[in-house]
Every structure is written in structure tokens, then in C-alpha cells.
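# coords below, sequence missing:
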């Protein structure tokens, strides 16, 4: 048994089968590139679901982590540390919000936002006890905890996990009229992704988010935006809500906030929302630890220093234009914002996973969403010549698929 097969066999034997990874065993990465155990190089078009926006093993971020690891890693928030304050100050400045609560994973940031919204609803909107409602969108993805799973609309996320947490109302994504109809005096928040990632990079109508913000303001409803995938430059703006020129009441960040190194997340909100928390009401042993804070601050500073948001906007438009020039029978639609693109695959002709497998053979790593969408989301440090190379590989892979489909007919 060779090294690759041994790694795959061992993982399948000892790891719970809650993922279905492509059969490639990765051993190291640098920048936009990954190498497998056999030495083959791949262009990373997944970025760990946007967690690796800075590229793999960014030298400045590795240095920040290493330097801090030599000094102090974890103390818990039973004590102050010298790294958390500057990190959260930077987050608040970038979002133009007042206060932040640090956590580790994106799902924890969402859970924090839910807790804050409910407390705010009872204490500021005077919703009757245990009657607070939070409106969410269909095809949402906000994490894997049981409360978050409770308002998911994907059947597989929920199968055999009940009973579920009540208090959520689901409306169609991108429909303003549905939000207006769903709001009641007991509505404390509208929790939504400004653009949906796991649903297959779904982009709503251009005025939708602005109209939602106006509705929320009219009815004293918090607008809480999950920017865990979309935030920090992925869509060509620092935050996706900036495309709509609005200011939300709260934002959840994660993934790229850890620089592709550590799990770092946060809920950032207006002071009135964040002040519902008091000592003992919420917490996390690792949330806000010095190591994560140092890496998070370095990730934010590096994002600005390298102008990665601008790079995402310019090269994302170039990549999207290049993809639209392609013409294949099994491609139904292409859409995106910044370096975040979804390609709809006709499931009657070929599965999205099969397309990913062909792309992998051509040195492009991606992963399907909902069996019908190919996602392209490279690290934001990618350059034009590397996009040109990627387009060449995509064309070769798609030509091969088209030829195979033609031979079947």
C-alpha cells in the first residue's frame, strides 16, 4: 500500500464519515498552491471555504503566530491580556460598530448573535418572555450546532437530530415582501447571509439588502449579517453589505479572520446590542486568547497592507468575464462577486462532484455544493497570470467532459 492509499485508508477507518473528501492527500501549501503526498501541485480554488484568503502559510502571519506562541498562548478571559484589546479595536474600526465578543468558530459567533438578539428583544423591545422570534432565510448555512441546525432548510442537515430549538421563522432568500410579511411585534432580528455560500454562491437582487435594512429599522428589528464566508474581501468589498451601502446592527466574522492558521471568530455589534451581556452570561475558554488575537490582528492588517479586497474586485471581475466566455452544454449558469464564483452544472448530464474530479486531474482543487454547483474561491492573493493558467486548465477539463458526453450520445 502506497503512502496516499495508507493515508486515505487510515482516515476512513478512524475518522467519522461526516465528509466525503476528494481522493487527494495534501501535505503542504504555499500561497495559492497545494501539494499532495506524491508531489503533484494544485491551485487551491476552495481556500478552505474562504478561510485561507491570505494564502497558505503566509510568512507574516506565521511570524505573528510564532512570536506570540513563544510568549503566551491561552489564559482564558478570567484575566486581561495585551493582545485582545488591539484586535477587537481593529475589528470595530473596520465594521464601524462599537463592541465585539471574540469566539473561535463561525458557528459560535452565530450562536452568540442569537443570544444577543433574544436578550436585546426582551430588554429593549419588551417582547414577552420566551416569545422572541428570529427570521432567517431558506437555504441558509450558519454552522452545525443544534440551534443553528434547527433553522436550516436542508433536510440532510436535520435528519434524526430533533427535537429542535424553536423561535425561528424561515422566509425565501432575496424576497423583500416575504420579510415584510414575516415581521411581527415579537420579531427581534433578521439573521441572514448577504450572499449565500453553501447554497452555491447565491447573489440576491441588488436592492434587496438595502430594502431589508430599511424594513428592519422601521420595525425595530436587528439586522444581523453572517459574513463568515463573504467578509474580509471575498466579494470584492471588505464586507458584502458594503455593496448595498448599509450599516447592519451586528456582523459575524470567522474563517479568514484566522489567517488560514487558527479558528478565530467574533460577533461585532452596536453597543446597545452588546451591552446585554454581563459576567457569566456567555463565554468561551479559548475565545479571545492571546495567540488567536495576535493572528487575527495580523490577518486584518495584512489584508489592508496587500490591498487584497481590491485584488478580489479586479481579478474577480476578470475571472468571471473569462468564465462567461466559455461555452459548454453541461454549464447552466455562472455568477459571482469578487473572487467568489458559482458554476451551475446540469445534473442530467454530469454530477458536480464528477466535474471536480476531472478538475483535480488538471491541477485545480474545488468542491461541489448541493451536488450541482462548482465553487471557485481562490486565495485573494492570486494574480492574473495564475488566473490565466486556471482558465486554461478549466478549458482542458471541460473539453474532456464535453467530449465524453458527446460520445455517450
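Right, received. Where do you want to start? Nothing here was measured: the structure is a model prediction, and the numbers come from that model.

# thought residue 75 was touching residue 81, still the case?
Yes - judged on CB atoms under 8 Å, residue 81 makes contact with residue 75 at a distance of 5.7 Å. From N, CA and C alone the C-beta is placed, and that goes for glycine too.

# list the residues that contact both of the two?
With contacts defined as CB atoms under 8 Å, 6 or more residues apart in numbering, the residues shared by residue 81 and residue 75 are 289-290.

# between the two, tell me which one has more neighbours.
Set side by side, residue 81 and residue 75 show more neighbours around residue 81, with 18 against 14, by other CB atoms under 10 Å.

# can you pull the contacts of the residue nearest to the more buried one when sequence neighbours are not counted?
Nearest residue to residue 81 in three dimensions, chain neighbours excluded: residue 290, at 4.6 Å (CB to CB, 6 or more residues apart in numbering). Residues near residue 290 by CB under 8 Å, 6+ apart: 68, 71-75, 81-84.

# what about the strands in the stretch 101-250 of the chain?
133-137, 168-171, 187-192, 222-226, 250-253 (DSSP state E, counting those that start in this stretch).

# just send these back as a markdown table, with mean neighbour count and mean pLDDT too.
Below are those laid out as a markdown table (neighbours: other CB atoms under 10 Å; pLDDT from 0 to 100):
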| stretch | mean neighbour count | mean pLDDT |
| --- | --- | --- |
| strand 133-137 | 23 | 98 |
| strand 168-171 | 18 | 98 |
| strand 187-192 | 25 | 98 |
| strand 222-226 | 26 | 99 |
| strand 250-253 | 28 | 98 |
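
# and of the ones you listed, who's closest to residue 33?
Residue 33 lies closest, by CB to CB, to one member of the strands of the stretch 101-250 of the chain: strand 250-253, at 26.1 Å.

# and that closest one, which strands flank it?
strand 222-226 (parallel), strand 265-269 (antiparallel) (DSSP bridges).

# confidence score at the residue nearest to residue 81?
We note a pLDDT of 98 for residue 290 in this prediction.

# partners of residue 268 in the sheet?
residue 100, residue 251.

# count of residues packed around it?
Neighbour count of residue 268, defined by other CB under 10 Å: 26.

# was I right about it contacting residue 91?
Yes - contact criterion CB under 8 Å: residue 268 and residue 91 qualify, at 5.5 Å.

# which residues are common contacts for these two?
Taking CB under 8 Å, 6+ apart as the criterion, residue 268 and residue 91 both touch 100, 253.

# how far away is residue 117 from residue 208?
Distance of residue 117 to residue 208, computed by CB to CB, to the nearest Å: 21 Å.

# quick one: contacts for the closest residue to residue 198 other than its chain neighbours?
Nearest non-adjacent residue to residue 198, counting by CB to CB, 6+ apart: residue 141, 3.5 Å away. Listed by CB under 8 Å, 6+ apart, the contact partners of residue 141 are 152, 154, 193, 196-199.

# please list only the buried members of those residues.
If you count burial by 16 or more other CB atoms under 10 Å, the buried members of those come out as 152, 193, 196-199.

# which of those residues sits closest to residue 309?
Nearest to residue 309 among these: residue 197, at 17.4 Å, using CB to CB.

# what pLDDT does the model give the closest one?
In this model, residue 197 carries a pLDDT of 96.

# please name the nearest non-neighbouring residue to it.
residue 229 (4.0 Å).

# could you report the neighbour count for the one you found?
26.

# ok, it - contacts?
49-50, 193, 197-198, 255, 340.

# what's around the nearest residue to residue 108 once chain neighbours are set aside, how many residues?
Leaving aside its chain neighbours, residue 108 sits nearest to residue 265 (6.0 Å; criterion: CB to CB, 6+ apart). As a burial measure, residue 265 scores 27 neighbours (other CB under 10 Å).
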